[in-house]
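*Asks:* From the sequence below, what's the structure:
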Amino acid sequence: MTASGRRAVRRQKSAGRSAVRRRLPMRYLLPSLFLVALLAMLMLRGYVHSEILADHRVRPPVSSGQVPEQILNGGPVVDARTPGAPKALSVPDKNLVLTFDDGPDPVWTPKVLDKLKQHDAHAVFFVTGTMASRHPDLVRRMVAEGHELGLHTFNHPDLALQTQSRIDWELSQNQLALAGAAGIRTSLFRPPYSSFSAALDDKSWPVTEYIGSRGYITAFNDTDSEDWKRPGVEAIIKRATPEGTKGSIVLMHDSGGDRSQTVAALGRFLPDMKERGYRFVNLTEALGAPSAHTPVAGPELWKGKAWVGAVAVSERTTSALTVGLAAIGVLVFLRFGLMLLLSFGHARKVRRRRFRWGPAVTEPVTVLVPAYNEKECIENTVRSLMESDHPIEVIVIDDGSSDGTADIVDDMWLPNVRVVRQANAGKPEALNNGIRNARHDIIVMMDGDTVFEPSTVRELVQPFGDPRVGAVAGNAKVGNRDSLIGAWQHIEYVMGFNLDRRMYDVLGCMPTIPGAVGAFRREALERVGGMSDDTLAEDTDITMAIHRDGWRVVYAERARAWTEAPESVQQLWSQRYRWSYGTMQAIWKHRRSVVESGPSGRFGRVGLPLVSLFMVLFPLLAPLIDVFLLYGLVFGPTQKTVVAWLGVLAIQAVCAAYAFRLDKERMVHLISLPLQQLLYRQLMYVVLLQSWITALTGGRLRWQKLRRTGVVEAPGSIPNQRQGSDERRPVG
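*Replies:* Got it, this is the predicted structure:
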C-alpha cells in the first residue's frame with residue numbers, strides 16, 4: 001500500500017472514531033449527566049438533612065479530674081483562646097442573654113423573632129449548619145435585626161466522640177453556611193448536648209480547649225428552661241428566671257420539635273423581666289467585648305453563596321421529586337384502576353356468546369407486508385399467511401432490499417402473492433405503494449418479521465361489520481420470549497400494550513394500531529391521505545388521524561400475531577427510542593385537535609391527554625419510585641420504603657396477572673416481574689429521557705433497522721423446512 005493510501009485509511013479510521021464520539025453525547029452522555037446530577041442533588045439533600053455522615057451517638061459522662069477548678073466553679077462562658085490560661089466569664093447582673101439552639105426552623109424561628117422584635121430584645125442563636133444552609137433567609141433576618149449568631153456544629157454530633165479533623169470539618173462547614181447566608185463568620189460556639197460549664201469532664205474539656213485554640217469562645221448556660229421537654233408555659237418561665245438580680249445565660253430552643261410553649265412563654269417572660277429591670281442583650285454586649293461577627297468577602301463569601309445556592313437547588317429538586325412521586329402514585333392507581341375496570345368491561349362485552357360487530361365479513365382482503373432486508377423472516381411470514389382461513393391477497397412491498405428479500409418471495413411461487421419492488425423510500429411510502437396496488441377495500445398491514453395464525457386475518461377484519469369502524473388493532477405477541485429480555489417484553493406486551501388497548505377501546509381513543517397486526521378500511525386511509533412520513537411512528541400518526549376523521553378504532557383480541565422482539569439491549573434501545581420519539585412527534589402533530597370541535601376535538605380532549613400521561617409522562621416519572629427506593633434503603637426509613645415499593649409492585653403484579661389471564665398466557669413468566677421493574681424500567685426511562693432531549697434540542701432520528709433471526713413461528717404452524725430441528729421455538 002502506498003503512503004497516500006495508508007494516510008487515507010488512517011483518515012477513514014479517525015473519521016469513524018470521531019463519528020462514534022459525536023454519537024456518544026446524545027445517547028449516553030446527556031442522560032448520564034442528568035442521572036449523576038440527580039444523584040448529587042439527592043446526596044446533598046441527605047447531607048443537609050443529617051441523613052448522610054451524621055453521628056447521633058451521645059457519650060455518657062466521665063470524671064472531671066483534668067478540668068481546671070476555675071472552669072468548673074466559674075461562669076458559663078469559657079475563653080480558652082490563650083493556651084494554658086483558660087478563663088471563665090459570667091454575665092453581669094440585670095443582664096439576660098437569651099440563647100436559642102438547633103435552628104433556624106421555618107415554623108418556630110420566625111415566631112421567636114417576632115416576639116423578640118415586639119419587646120425590643122436581642123438574643124443569641126446557636127445555629128446548625130444544616131438548618132442555616134436550608135433556611136438562609138432566617139439567618140439574614142437574625143443578623144439584620146441585631147441578634148448574634150454562634151456555631152452549633154454542622155449536623156449536631158457529640159464532639160467528644162469525634163476526631164480533630166471531624167471537629168474542624170463541623171466548624172468550617174457551619175461557617176460556610178453563615179458566610180453564604182449572611183456574609184459573616186462568628187467567634188461564638190456552643191457544643192451540642194452541652195449544659196452547664198460545671199458539667200465539663202475529661203472527655204469534653206479537651207474538645208473545649210481545642211475549640212479555643214481555633215479562636216472560638218464557648219458559651220454554655222447557667223439557666224436551663226428545659227423547654228425541649230414541653231413542661232408547660234408556667235414551668236418554662238419559672239426555670240428561665242434567674243435568682244434575684246443575677247445575670248444569666250438562658251437556654252431555649254427554636255427548633256427540634258414543637259416549640260409553641262417556648263413562643264408562648266416568651267410573650268410573658270420578656271415583658272415581665274423588663275419590668276424587673278433586666279436587659280435582653282447579645283453575649284458580647286453583656287461581656288463588653290467586640291461583636292462576634294466578622295464580615296467575609298472574596299473567595300470565602302462566594303464559596304458560601306455557592307454552597308447555599310446548591311442547597312437551595314437540591315431542596316427544590318427533591319421537593320419537585322416528592323411532588324413527582326405523589327403524582328406518579330396517583331397515576332399508578334388511576335391507570336391500573338382504569339385498566340382493570342375498563343378491560344374487564346371490554347372482555348365481558350366481546351366475549352358474550354351473542355356478541356357480533358355486525359354482519360360477518362367474508363369478502364377477500366389485501367394483506368400488505370412492507371419489507372426491507374427481511375431475508376431471515378420473510379418466508380415464515382408469507383407461509384403463515386398462506387395458512388389463513390380467510391380469503392386474502394398478499395402484497396410484499398420490497399423497499400430497496402439488498403439481501404434478496406424480493407427474490408425469496410418470488411421463488412416461493414405462491415398463489416395470490418405479489419411482489420412490488422421500489423427504491424428505498426421508507427416504510428410509510430412502501431405501505432402507500434401497497435395501498436395503491438391493493439385490489440380490496442379492507443387492508444391488513446403487518447411487519448416483515450411477524451407471523452399470523454390461520455384465524456388472525458378473519459378475526460382482525462370482523463369489526464368492519466360495523467360501518468363506523470375505520471381501523472382495528474390486533475393482539476401482538478412476543479414470539480421469542482425464551483430469553484430474559486424477551487420475557488420482559490412479553491410482560492410488557494401483554495400487560496402494557498394489550499391491556500391498554502382494551503381500556504382505550506372502551507374510551508374510544510385507541511392511540512396506536514400496531515404495525516405488526518392492524519387492519520384499515522381503504523376509505524378511511526384515503527380520507528386522511530394515507531400513511532405519512534411526518535413522524536417516526538407512522539402507526540400512531542395514522543391512528544390519530546383516523547380518530548380525528550370520525551372513525552371508530554377498536555381492538556380485536558383474538559387476532560393474534562407473533563412478532564420477533566429485539567434480542568439485545570442495543571436493538572431494544574433503538575426500537576424504543578424510535579417509538580418514544582415518534583409518539584412525541586405524533587402528539588405534537590395532532591395537538592390542534594385539543595381545541596377543535598366534533599370527533600377531532602373529542603379525541604384531542606380525551607385521547608391526547610391520556611396518551612401524554614400514560615405513554616410519555618408516566619414512564620418518565622415512574623423511575624422516581626426506584627430512585628426513592630434506593631434512597632430510602634440507604635438513608636432510611638428502610639422498612640417503610642420497602643413496604644411502599646412492595647405495595648406498588650403488588651398492584652402491578654395484580655394487573656399483570658389479570659392481563660395474563662385475559663390473554664390465556666402462562667403465569668410462569670411473571671416470575672421475572674420484580675427484576676423487570678428494577679432493570680427494564682430504567683432502560684425505558686433512559687430511552688424516554690433521550691427522546692425528550694432529542695425533541696427539545698430539535699434533533700432528528702433516522703430509521704434504524706433491527707437485526708432479525710427468523711425464529712418466530714405461530715403456534716401450531718408447520719416449521720420452516722429451511723430451519724434445523726435445533727432452532728428455538730416460541731414459548732406458548
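
*Asks:* Every contact and neighbour count from this point should use C-alpha atoms.
*Replies:* OK.

*Asks:* now the helices: where do they sit in the stretch 501-650 of the chain?
*Replies:* Assigned helices in the stretch 501-650 of the chain, in chain order: 522-527, 538-548, 569-589, 598-611, 618-621, 623-635, 638-662 (criterion: DSSP state H, counting those that start in this stretch).

*Asks:* again with the stretch 1-150 of the chain
*Replies:* Going by DSSP H, counting those that start in this stretch, the stretch 1-150 of the chain shows helices at 3-24, 30-48, 69-72, 108-118, 129-134, 136-144.

*Asks:* can you give me the angle the fourth one makes with helix 136-144?
*Replies:* Put simply, helix 108-118 runs at 20 degrees to helix 136-144, going by axes from the mean of the first three to the mean of the last three CA atoms, to 10 degrees.

*Asks:* Helix 108-118 - contacts with which helices or strands?
*Replies:* helix 136-144, helix 260-275 (3 or more CA pairs under 8 Å, 6 or more residues apart in numbering; DSSP states H and E).

*Asks:* same check, this time on the second one
*Replies:* Under the contact criterion of 3+ CA pairs under 8 Å, 6+ apart, helix 30-48 touches helix 129-134, helix 298-350, helix 681-696.

*Asks:* Put together CSV for these, with mean pLDDT on each row.
*Replies:* Shown next, in CSV, are the helices and strands packed on helix 30-48 (pLDDT from 0 to 100):
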stretch, mean pLDDT
helix 129-134, 96
helix 298-350, 87
helix 681-696, 70
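
*Asks:* Could you single out the most deeply buried of those helices?
*Replies:* helix 129-134 (a mean of 27; mean count of other CA atoms under 10 Å).

*Asks:* Can I get that helix in PDB? Just the C-alpha atoms.
*Replies:* C-alpha atoms of helix 129-134 as PDB (Å, rounded to 0.1, in the frame of the first residue of the first chain):
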ATOM      1  CA  GLY A 129     -25.000  24.300  59.500                       C
ATOM      2  CA  THR A 130     -27.700  22.000  58.200                       C
ATOM      3  CA  MET A 131     -30.500  24.300  59.100                       C
ATOM      4  CA  ALA A 132     -28.700  27.500  58.200                       C
ATOM      5  CA  SER A 133     -28.000  26.100  54.800                       C
ATOM      6  CA  ARG A 134     -31.600  25.300  54.200                       C
END
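
*Asks:* from the middle of its chain, how far away would that helix be?
*Replies:* What separates the centre of helix 129-134 from the centre of its chain is 26 Å, taken as CA atoms, centre = their mean, to the nearest Å.

*Asks:* helices and strands around that helix, which ones?
*Replies:* helix 30-48, helix 164-182, helix 298-350.

*Asks:* Buried by neighbour count: which residues of the second one qualify?
*Replies:* Under the neighbour-count criterion of 16 or more other CA atoms under 10 Å, helix 164-182 has 167-168, 170-182 buried.

*Asks:* most distant residue from the middle of the chain?
*Replies:* G244 (61.0 Å; CA atoms, centre = their mean).

*Asks:* Would you mind stating the distance between that residue and L39?
*Replies:* According to CA to CA, to the nearest Å, G244 stands 57 Å off from L39.

*Asks:* Now do the contacts for R527.
*Replies:* Residues near R527 by CA atoms under 8 Å, 6 or more residues apart in numbering: D549.
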